[in-house]
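Q: structure of the sequence below:
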Amino acid sequence: MDKQGLLYNTERGQIIISEYGRNMQEMIRHLMEIEDRQKRTEAAQFIIQVMAQMNPQVKQSDDYIHKLWDHLYIISDYQLDVDSPFPAPQPMNEASKPQRVGYQNHDIKYGHYGYYMAKMIEIASEREDEDMRQALAYSIANQMKRNFMEWSGNMVNDQQIIDDLKAMSNGRLVLPDETKLNGTTDVLTKPVLSQKQGSKKKKKKQSNLKADMNNPNNPAYKKRKLQ
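A: Numbers count the residues shown, from 1 in each chain. Predicted coordinates:
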C-alpha cells in the first residue's frame, strides 16, 4: 500500500510561499534534479510563466519578472543553479531585519492637545500686540476644547481649558474666568483654528481672526468696545 498517498499536508514539509501552493513547490524540487543545465534553465523559464498565472497580482509591479525569479530561488531554498536574467538573491538579505523607523518623541505635558497646538501657543505668546494676542488665545482655546472633547469623548468645562491654556503658555495667554468658549455643537462641527495652520491660506486665517475679534465672548472684543 502506498502510504505516501495517505499523508496529510500537516505531515509534509512547510510551504515556503503559500501563494504558489505545494504542487509548485514540488515542481521546483524536481527542477533541481535535472542534470542538463540548459534543460534546467528552460524548465525554470516555463515555471516562471506558470507562477505568473498563479499569482497575477504580482504583475501590478513594474519589476514583477524579477520578483518571480526571486520567488523561484526562495522556494528552492536558494539552491537552484540556472542561467537567470537576474542575480540570485542572498539568503541573508531575505532574512535580515528591516531598519528601525525613528519616530518623533516630543515631550508634551498636555499630550491630548497635540504637538502642533503647543507650537501654536508658543507662537501666539510671542505676539506683542495685546488685542491680537487675546484674539489668538480665544481661537486657540476653542480649538483646545475641540481636541479635548475628541480625545476624551466627554464634555469639558471652559474653566479647565482656560487654566490649561495659561499653564501651557507659562502665563502669557490668559483669558478672563468669565470667558465663554464656543458651545459643544459649534466646537465639534466647526473647527475654529486648524492644527495644520501652515497649510491654510493667509486670507482664510485673517477672516477667521476677524470673526473672533467680533465675537462678544472674546475678551479682545470687549476691550475694543470699551475704547
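Q: flag every buried residue along the helix ranked longest in the chain.
A: Longest helix of the chain, by residue count under DSSP state H: helix 130-152. Judged by neighbour count using 16 or more other CB atoms under 10 Å, the buried positions of helix 130-152 are 131, 133-149. Heads up, the C-betas are built off the backbone N, CA and C, glycines and all.
Q: who touches G13 in this structure?
A: Counting by CB atoms under 8 Å, 6 or more residues apart in numbering, G13 touches Q25.
Q: separation between it and K59?
A: Counting by CB to CB, to the nearest Å, the gap from G13 to K59 is 28 Å.
Q: again with T184
A: Taken as CB to CB, the span from T184 to K59 is 52 Å.
Q: the helices in the protein, which residues?
A: Going by DSSP H, the chain shows helices at 21-31, 37-54, 64-75, 91-95, 115-125, 130-152, 158-168, 184-189, 202-213, 219-226.
Q: tell me which of the ones you listed sits nearest to V82.
A: For those, proximity to V82 was assessed by CB to CB; helix 37-54 is nearest, at 4.4 Å.
Q: residues in contact with that closest one: which ones?
A: 19-21, 24, 27-28, 31-32, 34, 58-59, 64-65, 68-69, 71-72, 80-84.
Q: of those, buried ones?
A: The buried subset of those (16+ other CB under 10 Å) comprises 20, 24, 27-28, 31, 58, 68-69, 71-72, 80, 82, 84.
Q: is L136 in contact with A124, as I believe?
A: Yes - here L136 lies in contact with A124, judged by CB atoms under 8 Å, at a distance of 4.0 Å.
Q: which neighbours do those two have in common?
A: Common contacts of L136 and A124 (CB under 8 Å, 6+ apart): L173.
Q: how far off centre is stretch 19-33?
A: 38 Å (CA atoms, centre = their mean, to the nearest Å).
Q: Y64 and Q57 touch, don't they?
A: No - look at Y64 against Q57 with CB under 8 Å: they stay out of range, at 9.2 Å.
Q: show me the chain divided up by domain.
A: 15-93, 111-226 (automatic domain parsing).
Q: which one of the ones you listed lies nearest to V101?
A: With CB to CB as the criterion, V101 lies closest to domain 111-226 of the domains of the chain, at 17.8 Å.
Q: where does the prediction get shaky in the chain?
A: Applying pLDDT under 70 to the chain picks out residues 1-12, 92-96, 103-107, 187-217, 219-227.
Q: could you report the neighbour count for F86?
A: Neighbour count for F86, taken as other CB atoms under 10 Å: 13.
Q: distance of it relative to Q57?
A: For F86, the distance to Q57 - CB to CB - is 20 Å.
Q: got it, and K109?
A: K109 is 47 Å from Q57, by CB to CB.
Q: check Y115 too.
A: Using CB to CB, Y115 is found at 38 Å from Q57.
Q: looking at these two, which is more packed in?
A: Y115 (13 against 8).
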